[in-house]
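> okay, structure incoming, though there's no sequence with it:
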């Protein structure tokens, strides 16, 4: 029997999930996820990236959730909180990752729901994100109520090195307060 658990990771609890997050990121990029890394991503590069994530958790500018099953990190998602005084109502959805062997089980949806609940608690009523245009992620976010605003051409390189456009999405969770 599997026992899935979604947890918000804090700066204090980060160390216990660090290795699983590194493995998750390397797996996601290896299977083609366009999340800011090239397909030569290795453990030291991923470790360096998560040093930065930990620093942002300590600063309070980033929130991080993980989905754990039987002690293994199967999914994660990040929420970057706008730090500008005129933008305290918004946040950016970043790096939704699901371990390849755990895909097609609804874990991504579970993670987004946890992130949205966390955003609501912080009165972050406007969420935005970008994703590779034409990717399956577009259907995923649309199905969850995110609205496509448009796209930027040749925005980033995919893990295999070709440039592709990115699609911009947003979702309102409520009126600004």
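Cool, got the structure. Note that the structure is a prediction, hence the values are computed from the model and not measured. Residues are numbered from 1 along each chain as shown.
> tell me where the model's unsure across this structure.
When residues are selected by pLDDT under 70, those of the chain lie in 1-2, 175-177.
> how about the strands in it?
4-9, 62-69, 72-81, 90-98, 126-132, 147-157, 163-172 (DSSP state E).
> so what's the gap between the second one and the chain middle?
Right, the one you point to is strand 62-69. Relative to its chain's centre, strand 62-69 lies at 9 Å (CA atoms, centre = their mean, to the nearest Å).
> just checking, what packs against it?
strand 4-9, helix 14-30, helix 43-59, strand 72-81, helix 107-121 (3 or more CB pairs under 8 Å, 6 or more residues apart in numbering; DSSP states H and E). The C-beta positions use only the backbone N, C-alpha and C, and glycine is treated the same way.
> hmm, back to that, okay, the strands of the chain in JSON lines with mean neighbour count and distance to residue 139 next?
Compiled in JSON lines, the strands of the chain are given as follows (neighbours: other CB atoms under 10 Å; distance: least, CB to CB, whole Å):
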{"stretch": "strand 4-9", "mean neighbour count": "16", "distance to residue 139": "23"}
{"stretch": "strand 62-69", "mean neighbour count": "22", "distance to residue 139": "21"}
{"stretch": "strand 72-81", "mean neighbour count": "22", "distance to residue 139": "17"}
{"stretch": "strand 90-98", "mean neighbour count": "22", "distance to residue 139": "14"}
{"stretch": "strand 126-132", "mean neighbour count": "20", "distance to residue 139": "10"}
{"stretch": "strand 147-157", "mean neighbour count": "13", "distance to residue 139": "11"}
{"stretch": "strand 163-172", "mean neighbour count": "17", "distance to residue 139": "11"}
